[in-house]
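**Student:** The amino acid sequence is not available; the structure is as follows:
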C-alpha cells in the first residue's frame, strides 16, 4: 500500500482522528526508519463476552497490525484491583490477580480470532500504576487542571445537576493517560465515548518528554435491529463465540438495518479497503447487485473471519436456501414437488403422528418446533392466516394432511420454515 | 479547673470551634477515663523564623498541654519532599530529608520556648503519606467530592475567575485530612484560613471508622502597627528569638494598636484565663488602671515567657524609665537635677568632646547616637525644633553646653532619649 492507501485504511470508519496530519507524519517516519508504531487500546478487566460491536475496535487494531505496527492490548486491571473505592457498592468487590489472569485468558480466546496471537502485546496497567508512588500520583495530578476535567461531558452534566463527582474519578482519566506515558504510545484507539480520556493522554505526554499520541475513535455499532447500539441487553447482537450457522442466520435473517447500516457493517466489520467498499457501492447504485446479495457477501465475510471460509460458505448457503424457499413460498409456488427433500439440514424437522381422525394439531406442531411460545399464541397465528403448508395458507387448527403420511414444508410468518413428516397414528412409539 | 473552666480556657480567643458540644463531650470523657486527647497541629516544613503571630497557635497547643493532653507538632514534610509538582517553579525545589530534619531542629528551638519539650510529639506526615500507595490514594480521593472541594473559597474564586486549579491541589486537603486519620486526632488546631482543610479531616474520619475530630481555629494576630496582620514583611512583628530588651521596647514603644488590640494580645499571647482578663478589663473600665500600665504588664508577661521573669522585669523597667523621662520631658520638667544619672543603663550614652570654641555639633551627636541617618537630616530636625537638651528646645546647630563639661539628657522627637557626657576638648584621646 502507498502511504495514502495506508492512511485511508487506518482512518476507515473512524469518528475522530486527532490529528490526521500527525498520523501521516508518524506513518511516514515509521516507513522511513522501519520503527513500528506502538498502538495502545485499553480494555476493562471484567470478564468479557464479546460481540461484533466490540470487534469494531479490535478490528481497527488488526488494521494497524496488518501494516506491521505493534499493538498493545492493555487490560486496565489497576482499577479492577481496587474495586469500588467508595466502599458503597457491594457488587463491585476488588478482583483478585487470579481472576484478572483468568479474564485475560477469556479475552485472548476471543480477540485472537481477529488479532495475531504472536505479535499482539497483552499488558496490564497495574504494572506501573500499582507502583506509581505518592510522589508519582501528586506529580501526575499536577499535570491537569480541574476546569479541564469539568469539560468532560458527563462530569460537567453531573456537576451542573448537583450530582456528586468523587475526587478519585478525576484520577482515573489521569491514570489512563499515564498508561500512554508508560507505554510510550504513538496511537491510542477507543470508542467515541472515550475521546476525552484519550485526549488527556495526548495532553500530558509532552510534560513527560514524549511526543503526543494520535487519538482515534471508532463509532458504536448499530445492532441487528438497525436502531439501538449492539448490546446483549437489547438482544440485537452477534457474539464472537457463536457457531457459524447462528452467526449467518442472525446476520441475514435478523438483520433489520437500512442500507446505510449495511455499508457501516462493511466498513466496521470487515477488512475491505475503502476502495473495495466503494466499488460495491457503485455496483449497487447502478443496479448490478442487490442489497440481499450484498448481505450474503457480508455474512460470508464476517462468518469467515471467525470460522473459516468453508464453514462460512456452508452456513450462508443454508441461509440462502431458506431464503429462497421463503421467497418462493411468498410467491405461491407449489413447494410439494421435491422441495421438502431439497432443504437438507438447513431447516428443523419434526415427526408428527396423525390423530385417529386423520388430522394434526397445527398449533401443537408450531410450539414443538419452537416457533411460538404457547399453543394459544400459535392458534392465533393460524387463525390470522400466518401459517402455510407447502405454500398454501391453512387457517384451521386441526389440519388434515392431504394424502395422509408424507413430508411437508411448514412456514410460519415470513421467516420460520420447517420440514414436517406426518406419520400414521400406529407408527408412533 | 472545672470542666467549664477547662472549656473556657481552651476556646479562649478561638474563631471557630466545630463543635463546642463535642469538645465538651471529649473533655468529659478524657477526665473520666484518664485518656489524654490527641491534638494535632500541622506546620509547613520550610525553615521557620517565628514571631508572636505564630505563637497564637502554638500557645493554644500549650493550653491543651497545660490540661494534660497529648500535642502533636506535625511537620508537613510530604509536600516539601515533592516541591513544585507542576515543575514550573524553579524557586520551590524539593527539600531533602536532611534539610527537613534541620528545619525541624530550628522549629524545636523556637516552639520549645512555649511548649513542653518532653511531652510534645514531633512527627512527620511523610511517614504515612509517602507510603500510602496507589490504592490508598484512590480510596482516599473517593472519600470527597469535587463540588465539596470547590466550596473552598480560594478554589471557588479561581474556578469562577477562570484561573487554573491543578488536580493535585485537590489531593493536598485530602492528604492533610488523612494525617488526622493516621494520628487518630481528637482535635485539630489551625489558623482561620485553614478552616476548610481542617473540616475535610473532620468529614472523612468517620469513613475510616474514627470519631470526627474537633476543629478549632485561632485568628491572625494584628501587628504592632495595630492595622496589618503581624508579618515580617510589614516590619510590625516581634520575633520569638529577639532579646528581652528588644521585645519589651517593641511591645511598649512600637505598639500603636487600639485598646481592643491590647485586649486581643492579652487573650492570644498570654496564658491568662478569661476570668483573669475580665478582671483587668473591669479595673480599666472603672479607671483603676491605665492602658499604659496594662501594656507594661502585657510586655512583662510576654517577655517573661521567652526570657524569664527577672530578665523581663529588667527589660520592661528600662522601657518604663525611658517612658517616664519622655513624659517629663514632654511636660517641660527640668531634667538636669539628678535625672541623667538616674537613667541607669536604660538609655544609650555618648561621650562628646567640646570644640575649641566651647560648642558641640548637635547633628553630629544625633548621628553618632544612631538617632538620624545623616547630619543633614539631623540638622533639619534641630532647626524644626524637634531636639531638646535637658528638656529645653535647642534650635542652633552648634550648641554651647551650659556650664561646659557635665552630663545632659538629649531627646530627639518624642521617643529617642540619650545621655550625653560633655568632655573638655583636652580630655579626648
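**Tutor:** Perfect, I can see it now. Given the structure is predicted, the values throughout are model-derived calculations rather than measurements.
**Student:** how close does the nearest residue to residue A:291 once chain neighbours are set aside sit to residue B:290?
**Tutor:** Closest residue to residue A:291 apart from its sequence neighbours, by CB to CB, 6 or more residues apart in numbering or on different chains: residue A:259 at 5.8 Å. (Each C-beta comes from the backbone N, C-alpha and C, glycine too.) From residue A:259 across to residue B:290, the span is 100 Å (CB to CB, to the nearest Å).
**Student:** so the residue lying closest to residue A:162 once chain neighbours are set aside, which of the three states?
**Tutor:** Leaving out its chain neighbours, the residue that sits closest to residue A:162 by CB to CB, 6+ apart is residue B:147, at 7.2 Å. Classification of residue B:147 using DSSP: H, G, I helix; E, B strand; the rest coil returns helix.
**Student:** Next, the residue in the stretch 151-300 of chain A that chain B sits nearest to: phi, psi?
**Tutor:** Nearest residue of the stretch 151-300 of chain A to chain B, counting by CB to the nearest CB: residue A:168, 3.6 Å away. Here is the backbone geometry of residue A:168 (degrees, to the nearest 10): phi -70, psi -20.
**Student:** My read is that it contacts residue A:79, right?
**Tutor:** No. Using CB atoms under 8 Å, residue A:168 is not in contact with residue A:79, being 9.6 Å away.
**Student:** my read: residue A:112 touches residue A:122, true?
**Tutor:** No. When contacts are counted by CB under 8 Å, residue A:112 is not listed as touching residue A:122 (9.8 Å).
**Student:** Tell me which of these two has more neighbours.
**Tutor:** More crowded of residue A:112 and residue A:122, by other CB atoms under 10 Å in any protein chain shown: residue A:122, with 18 against 15.
**Student:** State the distance from that one to residue A:321.
**Tutor:** For residue A:122, the distance to residue A:321 - CB to CB - is 41 Å.
**Student:** Residue A:310 now?
**Tutor:** Plainly put, residue A:310 is 17 Å away from residue A:321 if you go by CB to CB.
**Student:** for residue A:64, same thing?
**Tutor:** Residue A:64 is 39 Å from residue A:321, by CB to CB.
**Student:** now residue A:352
**Tutor:** Taken as CB to CB, the span from residue A:352 to residue A:321 is 22 Å.
**Student:** More neighbours: the two, which one.
**Tutor:** In this view residue A:352 and residue A:321 are compared by other CB under 10 Å, and residue A:352 has more residues nearby, 20 against 17.
**Student:** contacting residues for the residue nearest to residue A:242 when sequence neighbours are not counted?
**Tutor:** Using CB to CB, 6+ apart and skipping residues adjacent in sequence, the residue nearest residue A:242 is residue A:250, 7.6 Å away. Residues near residue A:250 by CB atoms under 8 Å, 6 or more residues apart in numbering or on different chains: A:224, A:238, A:242.
**Student:** wait, is residue A:39 part of a strand?
**Tutor:** Yes. With three-state DSSP as the criterion, residue A:39 is part of a strand.
**Student:** my guess is it contacts residue A:183, does it?
**Tutor:** No. Checked against CB under 8 Å, the pair residue A:39 and residue A:183 is beyond contact range at 9.5 Å.
**Student:** Mind checking which of these two has more residues around it?
**Tutor:** residue A:39 (27 against 22).
**Student:** which residues touch the more buried one?
**Tutor:** Per CB under 8 Å, 6+ apart, neighbours of residue A:39: A:61, A:64, A:69, A:70, A:71, A:72, A:185, A:186, A:187, A:188, A:189.
**Student:** Could you check the strand or helix carrying residue A:322 and say which residues are buried?
**Tutor:** According to DSSP states H and E, residue A:322 maps onto helix A:309-331. Counting neighbours by 16 or more other CB atoms under 10 Å in any protein chain shown, one finds that the buried residues in helix A:309-331 are A:311-316, A:318-323, A:325-326, A:329.
**Student:** ok, now stretch A:249-265?
**Tutor:** Neighbour count says stretch A:249-265 has A:249-255, A:257, A:261-265 buried, by 16+ other CB under 10 Å.
**Student:** Can you add secondary structure and give those residues back as JSON lines?
**Tutor:** JSON lines is the format used below for the buried residues of stretch A:249-265 (three-state DSSP):
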{"residue": "A:249", "secondary structure": "helix"}
{"residue": "A:250", "secondary structure": "helix"}
{"residue": "A:251", "secondary structure": "helix"}
{"residue": "A:252", "secondary structure": "helix"}
{"residue": "A:253", "secondary structure": "helix"}
{"residue": "A:254", "secondary structure": "helix"}
{"residue": "A:255", "secondary structure": "coil"}
{"residue": "A:257", "secondary structure": "coil"}
{"residue": "A:261", "secondary structure": "helix"}
{"residue": "A:262", "secondary structure": "helix"}
{"residue": "A:263", "secondary structure": "helix"}
{"residue": "A:264", "secondary structure": "helix"}
{"residue": "A:265", "secondary structure": "helix"}
